[in-house]
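Participant: Let me see the structure of the following:
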Amino acid sequence: MHGPHGLAVADGKIWFTAEGAKAIGRYDPAPHAVDWVLGTGQDRTHMLIVSADGKRVVTSNVSSATVTIAEPRSGPPPPGAASGVDWTETVVPVGRGAEGIDVSPDGREAWVANAQDGTISVIDLTRKVVVQTLAADVRGANRLKFTPDGALVFVSTLGGPDVSVLRAAARAVVRRVPVGRGAAGIVMQPDGARAYVACTPDDSVAVIDVRSLMVVARIGAGGRPDGLAWSSDPLIPLVFLGIALTVVAGVVLANRIITNRRRKAYEGFCFERGYRFEPERPGEEARHVATCPVFSEGHGHTWGFTIAGTSGGTPFTAFEYKWTTGSGRNSQAHRIGGLLWTMERPLPQFLLTPEGLWAKLAAYFGGQDIDFVESPEFSSAYRLRGSDEATVRALFTPARRQVFEMFRGQHAAGAGQELMWWRDGALPPPDQFDSFLMEGQRLLQAFTRD
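Facilitator: Take a look at the predicted model:
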């Protein structure tokens with residue numbers, strides 16, 4: 001999607017705007033995929049605010065001078081509508097250059113700063129109309145942020161030296177705080193004691209005491225800080241440098257938070273089960289290249305979460321592995337969650353993957369695909385390869401082929417004393433790990449039985 005910009009984390013997912021596509025989208029870190037996109041039809045859909053439950057999205061549309069309010073439709077879908085969740089969109093006209101936006105902590109109002117008009121539009125989110133336009137003199141406004149208690153509203157501008165502070169109840173400016181030659185991103189300390197403001201032209205972050213409304217500290221931030229986000233883990237604000245880096249850095253931050261939560265969940269789970277957990281094993285993939293050629297593909301190899309234990313008397317190693325193929329616009333990220341077992345009897349080197357379009361094309365142009373005339377269902381569902389075709393054919397007995405026919409879409413590889421099974425995507429959360437393990441053990445049993 002062209003022109004990603006605004007970013008929010010809600011309901012365990014990452015929400016973003018795409019200015020060039022006139023759309024908003026949602027990224028799910030678990031399957032590593034964008035799982036929802038909604039067109040706004042508005043020019044420069046720029047910033048967005050998402051409710052904690054993901055049931056309301058409010059966007060500012062700079063060049064259309066509007067705000068979009070998107071919510072799932074209540075009640076049954078209209079006649080002839082496709083199945084699934086249908087969303088309604090209400091477009092609210094505001095002032096020119098609508099950019100900085102926030103929703104009051106009680107969820108009743110959205111305030112948007114109109115950079116070209118120097119005004120602030122106050123929107124009633126229940127009625128979905130502008131109820132007041134404030135002559136706040138915030139021309140060039142960049143960002144707008146409520147304090148956690150909803151009492152004050154901070155507005156930054158790249159076109160002037162001050163941050164304007166309004167009292168929400170009075171709808172009036174109470175102080176203009178000098179911060180430098182201009183300001184952009186604003187983030188509030190969770191307890192509401194301080195506001196951090198990115199002073200882009202001055203390469204710093206101003207720290208404003210919310211009670212006195214004075215700058216009490218300044219943090220050097222390198223070249224042209226812009227977007228700000230708060231890290232709940234180390235309890236320090238993170239500064240992201242440059243407009244082009246705002247979305248990328250935000251995604252990195254969100255992924256870091258989610259990864260830390262997953263790590264802590266797995267640590268507790270493994271402690272209870274008596275498993276050994278490791279957050280990463282750098283270079284581990286090199287030990288398994290002979291088993292599976294996936295580990296020699298591409299670049300950026302990362303062997304991540306690893307769980308070692310015993311299930312049903314059989315030792316196993318579960319792991320998460322990421323790598324990238326291609327480069328630039330043609331690059332593609334890959335991630336798998338898999339299981340490794342040590343076998344009593346050696347296996348011939350083999351690789352079994354689902355037979356999709358690309359596999360069929362590869363076979364058509366001479367790539368190896370070991371088929372069984374007597375098992376057309378197996379042969380059409382899978383691409384089987386191996387260094388010694390005769391021994392691979394002997395390994396895949398009719399009984400083993402039947403197991404793979406019953407459970408389509410499997411990935412497996414083996415060589416010597418090692419057997420590997422995997423599926424696309426991350427390791428499942430702890431409450432689904434047993435099902436994941438059972439799915440892999442079905443394959444293990446197929447290879448341990450005569």
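
Participant: got the residue ranges for the helices in the stretch 251-400 of the chain?
Facilitator: All helices of the stretch 251-400 of the chain, identified by DSSP state H, counting those that start in this stretch, fall at 357-364, 376-381, 389-395, 398-406.

Participant: Let me know the average pLDDT across the first one.
Facilitator: The average pLDDT for helix 357-364 rounds to 57.

Participant: between the helices of the stretch 251-400 of the chain, which gets nearest to residue 428?
Facilitator: Proximity to residue 428, assessed across the helices of the stretch 251-400 of the chain by Cβ to Cβ, is greatest for helix 398-406 (21.4 Å). In this view, the C-beta of every residue, glycine as well, is placed from N, C-alpha and C.

Participant: Show me how far that closest one is from its chain's centre.
Facilitator: 37 Å (Cα atoms, centre = their mean, to the nearest Å).

Participant: How is residue 409 classified with respect to secondary structure?
Facilitator: Using DSSP: H, G, I helix; E, B strand; the rest coil, the structure places residue 409 in coil.

Participant: What is the neighbour count of it?
Facilitator: If you count neighbours by other Cβ atoms under 10 Å, residue 409 ends up with 12.

Participant: my guess is it contacts residue 354, does it?
Facilitator: Yes. Between residue 409 and residue 354 there is a contact under Cβ atoms under 8 Å: 5.1 Å.

Participant: The stretch 151-300 of the chain: strands as residue ranges?
Facilitator: Secondary structure of the stretch 151-300 of the chain (DSSP state E, counting those that start in this stretch): strands located at 152-157, 162-167, 172-178, 186-188, 194-199, 204-209, 214-220, 225-231, 236-241, 276-278, 299-311.

Participant: how about those, which one is nearest residue 262?
Facilitator: Smallest distance to residue 262 across the strands of the stretch 151-300 of the chain (Cβ to Cβ): 7.4 Å, for strand 299-311.

Participant: In PDB, list the C-alpha atoms belonging to the closest one.
Facilitator: C-alpha atoms of strand 299-311 as PDB (Å, rounded to 0.1, in the frame of the first residue of the first chain):
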ATOM      1  CA  HIS A 299      19.900 -13.700   4.100                       C
ATOM      2  CA  GLY A 300      19.000 -12.100   7.500                       C
ATOM      3  CA  HIS A 301      18.800 -15.500   9.200                       C
ATOM      4  CA  THR A 302      17.300 -15.300  12.700                       C
ATOM      5  CA  TRP A 303      16.800 -18.400  14.900                       C
ATOM      6  CA  GLY A 304      14.500 -17.100  17.600                       C
ATOM      7  CA  PHE A 305      12.300 -18.500  20.300                       C
ATOM      8  CA  THR A 306      13.400 -22.100  21.100                       C
ATOM      9  CA  ILE A 307      11.700 -24.600  23.500                       C
ATOM     10  CA  ALA A 308      13.300 -27.900  24.400                       C
ATOM     11  CA  GLY A 309      11.500 -30.600  26.300                       C
ATOM     12  CA  THR A 310      10.100 -34.100  26.300                       C
ATOM     13  CA  SER A 311       6.500 -35.100  25.300                       C
END
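
Participant: Strand partners (parallel or antiparallel) of that strand?
Facilitator: Strand pairing for strand 299-311, using DSSP bridges, gives strand 276-278 (antiparallel), strand 314-325 (antiparallel).

Participant: Flag the shaky bits of this protein, pLDDT-wise.
Facilitator: Filtered on pLDDT under 70, the chain yields the residue ranges 1-2, 74-85, 231-256, 327-331, 357-366, 450.

Participant: Residue ranges of each domain in it, please.
Facilitator: Domain assignment of the chain by automatic domain parsing yields the ranges 4-256, 275-448.

Participant: Can you tell me, leaving aside adjacent residues, what's nearest to residue 372?
Facilitator: Excluding the flanking residues, the one nearest residue 372 by Cβ to Cβ, 6 or more residues apart in numbering is residue 379, at 5.5 Å.

Participant: For the one you found, give me its contacts.
Facilitator: Going by Cβ atoms under 8 Å, 6 or more residues apart in numbering, residue 379 touches 371, 372, 373.

Participant: How many residues are close by the second one?
Facilitator: This points to residue 372. The number of residues near residue 372, taken as other Cβ under 10 Å, comes to 15.

Participant: doesn't residue 396 make contact with it?
Facilitator: Yes. Contact criterion Cβ under 8 Å: residue 372 and residue 396 qualify, at 7.3 Å.

Participant: Now do the same contact list for the closest residue to residue 395 other than its chain neighbours.
Facilitator: Residue nearest to residue 395 in three dimensions, not counting chain neighbours: residue 348, with 5.9 Å by Cβ to Cβ, 6+ apart. For residue 348, the contacting residues are 386, 387, 388, 391, 392, 395, 414, 415, by Cβ under 8 Å, 6+ apart.

Participant: of those, buried ones?
Facilitator: Buried members of the contacts of residue 348, counted by 16 or more other Cβ atoms under 10 Å: 386, 392, 395, 414, 415.

Participant: In JSON lines: those residues, plus distance to residue 402.
Facilitator: What follows is those, written out as JSON lines (distance: Cβ to Cβ, whole Å):
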{"residue": "386", "distance to residue 402": "19"}
{"residue": "392", "distance to residue 402": "17"}
{"residue": "395", "distance to residue 402": "14"}
{"residue": "414", "distance to residue 402": "18"}
{"residue": "415", "distance to residue 402": "23"}
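
Participant: of those, closest to residue 96?
Facilitator: Nearest to residue 96 among the buried ones among the contacts of residue 348: residue 414, at 64.8 Å, using Cβ to Cβ.

Participant: Report how many residues lie close to the nearest residue to residue 10 once chain neighbours are set aside.
Facilitator: Distances taken as Cβ to Cβ, 6+ apart place residue 50 nearest to residue 10, at 4.1 Å, with adjacent residues excluded. When counting by other Cβ under 10 Å, one arrives at 25 neighbours for residue 50.

Participant: Residue 273 versus residue 50, what's the distance?
Facilitator: Per Cβ to Cβ, to the nearest Å, residue 50 is found 35 Å from residue 273.

Participant: before we move on, what about residue 346?
Facilitator: Applying Cβ to Cβ, the value for residue 346 to residue 273 is 30 Å.

Participant: From the chain's centroid, how far away is stretch 393-412?
Facilitator: Centre-to-centre, stretch 393-412 and its host chain are 35 Å apart (Cα atoms, centre = their mean).

Participant: returning to what we had before: can you add distance to residue 194 and give the helices of the stretch 251-400 of the chain back as a markdown table?
Facilitator: Output for these, formatted as a markdown table (distance: least, Cβ to Cβ, whole Å):
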| stretch | distance to residue 194 |
| --- | --- |
| helix 357-364 | 54 |
| helix 376-381 | 60 |
| helix 389-395 | 65 |
| helix 398-406 | 59 |
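
Participant: Residue 177: which of these is closest?
Facilitator: Residue 177 lies closest, by Cβ to Cβ, to one member of the helices of the stretch 251-400 of the chain: helix 357-364, at 58.2 Å.

Participant: So residue 173 sits against residue 163, correct?
Facilitator: No. Taking contacts as Cβ under 8 Å, residue 173 lies outside contact range of residue 163: 10.7 Å.
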